[in-house]
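Engineer: Requesting a structural model of the entry that follows:
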Amino acid sequence: MTSTLHCSGPLADGEDGALLFARFAYPPNELGYCGPDDDGSLLEYAASGATDGGLRQLCRGFEGAWPYLEVIAGASGLDPLDRRVVEAYWLGSPLLDQVAMHDLGGSVEDRFRGRAGADWNRLVAAIDPRARLSHAFHVFAVYPWVGLLRGGTVEQPLHVLDRCRIRWGVVERVDGDMAVVRCRPLAWNGMRLTLGRPTSEEVVGARGGLALAGPVREGDVVALHWGWICLTLDARRLSHLKHYHQLQLDLVNQTGVAARLS
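Structural biologist: From the prediction side, this is the model:
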């Protein structure tokens, strides 16, 4: 048993936007849920810390996430793969406050309609002036899983919501490529989604020595996506993640938008 997970190459702690995007995009890409059919390259980029035009092209191939990056970037005058834009999308940040949801109108339609497919109507209905265009918005307000919960199907929707959202937890133990993280899973009481009691869970820290995050040690606070450790969180990022995650959770519980669309 070791006390530290190591990446295979130098990492810049998420300061490059394309690399930060890759770290969170790889887990669902590996599962075949989204993005180009080249998850091996994505993992190699994230683990090595290397970035080039090839990585940026891979990032543009994520049809679900890319329109959000474009809208956030357009509202803030930044490049879609600027680190601040990518961080705002995956974790949440005050940069999202510059995106006026009620003024998006044609911009949202231009960027999303052709790519959102069956999700388009859900996305339009979920646009609440209080919402923010983070990954949590897409998970809780656009996907149909909350509606399925309200319809009485619990196990699979709750599992998908819990894994698809960006979670946070504390590393309790590191063992080779795996780690045990203590975090709060989603809970459903028949009417509301909340955070349940903390539990310990085995997650992936690396595969074949290739890690998405930098070195991870016991006691580190980390961000999780689909069972992978994607990033070590400092106090600022943890605070933003908690705030924008809870904001979207509260909105979904208040509006029940997804329920009406299921």
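
Engineer: Show me the helices in the stretch 1-150 of the chain, by range?
Structural biologist: Taking DSSP state H, counting those that start in this stretch to define them, one finds helices in the stretch 1-150 of the chain at 17-30, 39-48, 53-60, 66-76, 83-90, 105-116, 120-126, 135-137, 145-150.

Engineer: In TSV: the ones you listed, plus distance to residue 226 and mean neighbour count.
Structural biologist: For every residue, glycine as well, the C-beta is placed using N, CA and C. Compiled in TSV, the helices of the stretch 1-150 of the chain are given as follows (distance: least, CB to CB, whole Å; neighbours: other CB atoms under 10 Å):
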stretch	distance to residue 226	mean neighbour count
helix 17-30	4	26
helix 39-48	12	20
helix 53-60	17	17
helix 66-76	18	21
helix 83-90	13	26
helix 105-116	21	15
helix 120-126	21	17
helix 135-137	12	25
helix 145-150	14	22
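
Engineer: Now do the residue lying closest to residue 15 once chain neighbours are set aside, the pLDDT please.
Structural biologist: Excluding its sequence neighbours, the residue lying closest to residue 15 (CB to CB, 6 or more residues apart in numbering) is residue 83, at 5.7 Å. According to the model's per-residue confidence, residue 83 sits at a pLDDT of 95.

Engineer: dump the residue contacts of residue 83.
Structural biologist: 14, 15, 16, 17, 20 (CB atoms under 8 Å, 6 or more residues apart in numbering).

Engineer: Adding pLDDT as columns, could you present the residues you listed in a markdown table?
Structural biologist: Shown next, in a markdown table, are these (pLDDT from 0 to 100):
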| residue | pLDDT |
| --- | --- |
| 14 | 45 |
| 15 | 78 |
| 16 | 92 |
| 17 | 96 |
| 20 | 96 |
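
Engineer: Quickly note the distance from the closest residue to residue 26 other than its chain neighbours to residue 224.
Structural biologist: On the basis of CB to CB, 6+ apart, the spatially nearest residue to residue 26 that is not a chain neighbour turns out to be residue 42, at 4.8 Å. Remark: distance between residue 42 and residue 224 (CB to CB, to the nearest Å) = 17 Å.

Engineer: repeat for residue 161
Structural biologist: 13 Å.

Engineer: Next: residue 255.
Structural biologist: 26 Å.

Engineer: higher neighbour count, the two?
Structural biologist: Here residue 255 and residue 224 are set side by side on neighbour count (other CB atoms under 10 Å), and the busier one is residue 224, at 24 against 16.

Engineer: Pretty sure the more buried one sits against residue 179.
Structural biologist: No. Under the contact definition of CB atoms under 8 Å, residue 224 does not touch residue 179, with a separation of 10.0 Å.

Engineer: anything in contact with each of those two?
Structural biologist: What both residue 224 and residue 179 touch, as defined by CB under 8 Å, 6+ apart, is the set residue 203.

Engineer: For the stretch 151-262 of the chain, just list every one of the helices.
Structural biologist: With DSSP H, counting those that start in this stretch as the definition, the stretch 151-262 of the chain shows helices at residue ranges 155-164, 235-255, 257-261.

Engineer: Throw these into TSV and include distance to residue 75 and mean pLDDT, thanks.
Structural biologist: Supplementary listing: those in TSV, determined by distance: least, CB to CB, whole Å; pLDDT from 0 to 100:
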stretch	distance to residue 75	mean pLDDT
helix 155-164	24	94
helix 235-255	15	93
helix 257-261	22	41
